[in-house]
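Participant: Here is a sequence together with a model predicted from it:
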Amino acid sequence: MRKITVPEIRETKTNGRRITLVTCYDYSFATLVEKSDIEMILIGDSMGMTMLGYEGTVGVTPDDIIHHGKAVRRGAPTTFIIGDMPFGYYNESVEQGIHTANRFMREINCDAIKLEGGRRSAAVVKGIVEAGIPVCGHIGLTPQSSSSMGGFKVQGKSMDAVEELLADAKAIEEAGAFMIMVEGVPTTVCKYIRDNIGIPIIGIGAGIECEAQALVMHDMLGFNEWVPKFAKKYANIGPQILDAFNTYHKEVTEGKFPTPEYSYNTKVEGLE
């Protein structure tokens with residue numbers, strides 16, 4: 001499949017095309033995304049929870065993203081890949097943000113980067129774009145700053161909050177982002193933002209009024225029993241994997257595995 005381009009993503013704002021993104025963190029799953037019709041992968045800092053066992057995303061480093069990102073790129077050479085900028089590696093200065101983004105583009109071979117924040121991140125977005133790197137913004141429920149929000153809560157529940165979100169979206173657009181992720185807001189709020197900006201929105205928990213949709217791979221495949229309200233389980237492989245593990249253990253302990261068809265049965269002259 002031919003890789004989607006930044007201009008084609010921008011054109012979804014007006015041509016009615018809907019596109020999709022999933023998070024991915026390793027080679028094996030990347031090869032499956034590559035074979036699918038999904039256009040984009042986010043090497044998300046959600047790997048903090050899904051792959052590294054952290055309680056949140058704050059502990060993830062650029063080296064973590066790069067380590068996993070290299071494997072993802074090897075598995076998905078023609079998929080549009082976005083590298084997620086970790087907390088603490090772009091919020092100190094524009095130069096710090098450009099440095100981290102440069103590493104992602106050079107070492108992972110990303111097609112773009114994503115960073116959280118609206119007006120507070122606009123200068124960093126502008127600097128990275130001027131350095132020649134495509135940027136996807138991220139507003140609404142921003143996991144890296146969830147502590148200041150009182151946890152993982154729906155955003156934009158008052159008109160004042162809605163206007164703040166729109167101001168953030170406009171600031172990111174004016175800074176040069178080609179796309180903006182909107183997370184954890186009511187559908188009507190996302191539509192209001194969408195109707196008042198000129199770049200496409202990729203929604204995650206933001207309703208159907210978006211040009212693109214994103215899901216965390218582990219949520220949509222059912223690795224865990226609990227998933228967020230907005231995450232539809234398109235498969236439920238967690239229980240299937242657990243069942244496979246337990247069946248394997250049972251067959252070994254009962255002497256039922258490996259049987260001859262799973263063994264090398266070449267005769268060795270004289271061994272008998």
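Facilitator: Arrived safely.
Participant: Tell me which stretches of this protein form helices.
Facilitator: Secondary structure of the chain by DSSP state H: the helices cover 6-15, 27-35, 47-50, 62-75, 94-103, 122-130, 159-175, 187-195, 217-220, 237-253.
Participant: Return the set of buried residues in the third one.
Facilitator: Within helix 47-50, the residues that count as buried by 16 or more other CB atoms under 10 Å are 47, 48, 49, 50. Quick note: C-beta positions are derived from backbone N, CA and C, even for glycine.
Participant: got it, and the fourth one?
Facilitator: For helix 62-75, a neighbour-count test (16+ other CB under 10 Å) marks 62, 64, 65, 66, 68, 69, 71, 72, 73, 75 as buried.
Participant: Most widely separated two among these?
Facilitator: Farthest-apart pair in those is 62 and 75; separation 20.2 Å (CB to CB).
Participant: mind showing which ranges of the stretch 51-200 of the chain have poor pLDDT?
Facilitator: Along the stretch 51-200 of the chain, segments meeting pLDDT under 70 span 145-152.
Participant: Enumerate every residue touching the closest residue to residue 221 other than its chain neighbours.
Facilitator: Spatial nearest neighbour of residue 221, excluding adjacent residues (CB to CB, 6 or more residues apart in numbering): residue 235 at 4.8 Å. For residue 235, the contacting residues are 220, 221, 222, by CB atoms under 8 Å, 6 or more residues apart in numbering.
Participant: Against residue 222, how distant is residue 235?
Facilitator: Distance from residue 235 to residue 222, counting by CB to CB, to the nearest Å: 5 Å.
Participant: what's the answer for residue 143, then?
Facilitator: 21 Å.
Participant: got it, and residue 26?
Facilitator: Counting by CB to CB, the gap from residue 26 to residue 222 is 17 Å.
Participant: my guess is residue 97 meets residue 127, correct?
Facilitator: Yes - under the criterion of CB atoms under 8 Å, residue 97 makes contact with residue 127 at 6.2 Å.
Participant: between these two, who's got more neighbours?
Facilitator: residue 97 (26 against 21; other CB atoms under 10 Å).
Participant: OK, contacts around that one?
Facilitator: Residue 97 neighbours (CB under 8 Å, 6+ apart): 85, 89, 90, 91, 115, 124, 127, 128.
Participant: same check, this time on residue 20
Facilitator: 37, 38, 39, 40, 212, 213, 214.
Participant: Residue 68 now?
Facilitator: Contacts of residue 68 by CB under 8 Å, 6+ apart are 25, 26, 43, 47, 51.
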